[in-house]
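*Asks:* The sequence and its predicted three-dimensional model are supplied below.
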Amino acid sequence: MNSSLAQTIEKDPANWRGKDMMNRTNWRASLTETHKYELKEAVEKAQSSAGALLSLEKCDFALPTLGPFLAGLNTQLEGGPGFVVIEGLPALDYDENAGKTALWGIGLHMGEPAKQDGDGNLLHSVRDTGQKVDGSDNIRSYQTNDQLSFHNDGADVFLLFCLRDGKSGGMSRLVSSVAVFDELLKRRPDLAETLLQDYWFDTRGQRTDGARVEVMPVYHHHHGLLTANMKYRYIHTAQRFADVPRLTQNQRDALEMVQDLANEPDMVMEFTLNPGDILVANNYVTLHGRSAFKDWDEPDKRRHMLRLWLTIPNGRPLPQAFKGSRIYAEAYERRMGR
């Protein structure tokens with residue numbers, strides 16, 4: 001392991017420990033009454049227009065003071081701790097369509113929406129469909145009520161807007177992927193090295209070319225930055241394909257140690273996303289998970305989150321391996337086109 005990587009990690013502002021971060025408040029961004037009024041007006045105007053929601057552009061969402069506030073949060077996402085929780089949206093005033101409109105408008109003031117699946121959908125509802133990942137080819141973890149192991153999403157950042165919470169459980173969990181690698185490097189440098197080498201990832205049937213797997217490392221040291229790509233569950237489900245190489249013991253141990261480190265009390269943040277909160281996180285420097293949850297019996301009360309993926313204008317240089325990835329190719333191509 002070269003010394004430049006250790007230096008990269010040491011100076012990275014995204015190298016934080018959850019225990020310390022929970023004692024800070026700078027990762028919470030509260031909306032003012034003016035912000036809320038501007039958003040309400042913009043949502044109502046957008047909903048009264050004839051255009052389809054996803055065809056509306058930034059100029060269609062006038063947010064005179066909220067817009068610059070949102071754009072300013074990008075410096076926390078890239079070059080800062082890598083995440084922020086936006087608080088104070090009046091979620092109870094929003095039905096699903098209004099919630100989607102609000103999230104879409106907020107996203108446009110922070111970056112450019114990115115595709116989340118093989119069909120090109122830009123907005124996803126995150127809720128329990130009653131289905132399971134195991135035994136299926138295309139069900140994804142966000143469509144279940146399962147506990148979610150630590151992973152990251154696609155594009156540069158994700159926004160997760162809580163419309164309604166469940167009956168119990170469903171705690172949000174967040175960890176610095178930089179800090180996890182830092183600890184791994186100190187405790188098991190051989191396993192850290194393994195994570196810089198290729199793994200096979202299940203695409204869950206989401207590639208338009210039909211490719212069932214993608215191959216790339218879990219961690220990349222690129223342009224003086226440590227960039228993560230952790231899909232713990234999908235690395236394991238890729239093993240169902242006969243032509244995918246079997247995971248070596250070192251590969252398995254490295255994946256397990258990432259999860260173990262991420263779950264250590266000093267490392268992880270655990271908090272509740274309340275209705276009206278939006279978690280925004282940089283996929284390259286954070287990993288997120290969720291505890292299993294139990295939902296309400298009444299359909300109109302059930303847990304419901306909305307998710308948007310964005311590329312952001314100050315996004316980092318991306319390794320070439322991302323060019324061929326379904327979930328990162330859009331960010332890579334936009335970056336190269338600047």
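*Replies:* Received it, and whenever you're ready, just let me know what you need.
*Asks:* Show me where the protein dips below the pLDDT cut-off.
*Replies:* For the chain, the stretches with pLDDT under 70 are 1-2, 91-92, 128-147, 166-169, 293, 295-296, 301, 338.
*Asks:* again, only this time at 80
*Replies:* By pLDDT under 80, the weakly predicted segments of the chain are 1-3, 50-51, 91-94, 127-147, 165-170, 291-302, 337-338.
*Asks:* chain center to the biggest helix by length in it, what's the gap?
*Replies:* In the chain, assigned by DSSP state H, the helix with the most residues is helix 33-48. How far helix 33-48 lies from its chain's middle: 26 Å, per CA atoms, centre = their mean, to the nearest Å.
*Asks:* Start from the N-terminal end of this protein and give the helices.
*Replies:* Under DSSP H, the chain gives helices at 3-11, 18-21, 33-48, 66-72, 74-77, 96-108, 177-187, 189-195, 232-237, 249-262, 329-336.
*Asks:* and for the longest one, what are the contacting residues?
*Replies:* Going back to what we said before, that points to helix 33-48. With contact meaning CB atoms under 8 Å, 6 or more residues apart in numbering, helix 33-48 is reached by 31, 53, 56, 60-66, 69, 88-90, 93-94, 97-98, 101-102, 104-106. Quick note: C-beta positions are derived from backbone N, CA and C, even for glycine.
*Asks:* what does stretch 5-13 give?
*Replies:* Residues from elsewhere that reach stretch 5-13, judged by CB under 8 Å, 6+ apart: 15, 79-81, 178, 181-182, 185, 221, 224-226, 285.
*Asks:* in that stretch, what counts as buried?
*Replies:* Judged by neighbour count using 16 or more other CB atoms under 10 Å, the buried positions of stretch 5-13 are 5, 8, 9, 12.
*Asks:* So which of these is the closest to residue 26?
*Replies:* residue 12 (16.7 Å; CB to CB).
*Asks:* Contact partners for residue 224?
*Replies:* 4, 8.
*Asks:* any idea of the angle the longest helix of the chain forms with helix 96-108?
*Replies:* Per axes from the mean of the first three to the mean of the last three CA atoms, to 10 degrees, the angle that helix 33-48 makes with helix 96-108 is 120 degrees.
*Asks:* wait, residue 63 sits on residue 110?
*Replies:* No: here residue 63 lies out of contact with residue 110, judged by CB atoms under 8 Å, at a distance of 10.9 Å.
*Asks:* Now do the shared contacts for these two.
*Replies:* What both residue 63 and residue 110 touch, as defined by CB under 8 Å, 6+ apart, is the set residue 70.
*Asks:* returning to that earlier point: and the helices of the chain as TSV, adding distance to residue 307?
*Replies:* Formatted as TSV, these follow (distance: least, CB to CB, whole Å):
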stretch	distance to residue 307
helix 3-11	29
helix 18-21	22
helix 33-48	18
helix 66-72	17
helix 74-77	16
helix 96-108	8
helix 177-187	19
helix 189-195	26
helix 232-237	17
helix 249-262	21
helix 329-336	16
